[in-house]
Each structure stands twice: as C-alpha cells, then as structure tokens.
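Undergrad: model this:
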Amino acid sequence: MAIRVYADTSVFGGLFDIEFAEASRRFFELVAAHTLRLVTSSVVAREIDGAPEQVRAAFRAGLGGAELLRVSDAAVRLAAGYIDAGILTARSADDSLHVALATVGRCDLIVSWNFRDIVRFDKIRLYNEVNGRFGFDPIAIHSPHEVIRINDQDV
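TA: A predicted model of the protein is given here:
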C-alpha cells in the first residue's frame, strides 16, 4: 500500500525553483509510480490560484489520482490549537491548516519546503504534542529531499 503524503503548496512551486526542482520532480515521479499516494487540499488549491501559471499547471497535472482534503471543523479546531500553543501566529493560519488537514486526514506524512513554519525540528515536536492533546496520532514532517530516499537509497 502506498504511503499517503500530504504535499503543501511549496512542493508544487518547488518544481520551478533552482534549489528544489530536482527533489520536487523526483517526488512527483514517486507519486506517478504509485510508490507515494498524493494528498493535497482545498487550502493548497486556493494558494495555487495566486501562483504563476506554470505552478498552476503543475498542480492541475498532479491532481490526477490525488486525494483532495476539504477544510473540516476538526481541522480548523486543531489549527487553532497550534496557534493557541504558540507554534505559529495567526499570520501563518494557512500553514497551521496544512498540518491540521494532514493530521485529521490521517496522512502518513507531510512534505514541504517551508522550513520556517512546517519542516522544523522544534515545531514538529510541538505539532505532535498538540495532536496528542486533541486525540490525534503524531505525524511525520519532511522535505521532499528526505522523502525521495526510500530504504536509504536514492530512487
């Protein structure tokens, strides 16, 4: 069974960033090979609306077979829990929703290039503490670069 991976907006944009393009492309190759099951959300779709056309086109292309999560009351409450705990500020409400949607949607992990608010060792521990208080399992959070390495081998 494929690993369910929530990809935030940065992963789609990463396809067109010199620093992140190769790992992002390889991530989507794993999705195309059904090694990973892509999960994204209505929040990503909304954020993508304001992105350059090439990013919007990549998002549309990546949606084939992807699972699209909708914002739920449980996700909104959990996202507010992250903000109340001081992990993020209200200014980063969408980032808190990304983590909450993936958690409530029971994804295996989140991939992101957002090293300020999501892929940070100190914040991951705090997200999972709040998840536990709300009755959810911990969630793994990694960059695509980490995820493209399966069984300690580049794929």
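Undergrad: tell me how many other residues surround L30.
TA: Around L30 sit 20 other residues, with neighbours defined as other CB atoms under 10 Å. The C-beta positions use only the backbone N, C-alpha and C, and glycine is treated the same way.
Undergrad: am I right that it falls within a helix?
TA: Yes - per DSSP: H, G, I helix; E, B strand; the rest coil, L30 lies within a helix segment.
Undergrad: can you tell me how far it is from V55?
TA: Counting by CB to CB, to the nearest Å, the gap from L30 to V55 is 19 Å.
Undergrad: could you do V44 as well?
TA: 11 Å.
Undergrad: hey, what's in contact with both of these two?
TA: When contacts are counted by CB atoms under 8 Å, 6 or more residues apart in numbering, V44 and V55 have F12 as shared neighbours.
Undergrad: the more surrounded of these two?
TA: Each of V44 and V55 has its neighbours counted (other CB under 10 Å); V44 has more, 27 against 19.
Undergrad: helix, strand, or coil at that one?
TA: Per three-state DSSP, V44 ends up helix.
Undergrad: so what's it up against?
TA: The contact partners of V44, by CB under 8 Å, 6+ apart, come to 7-9, 12, 59, 98.
Undergrad: confidence score at it?
TA: In this model, V44 is scored at 95, pLDDT.
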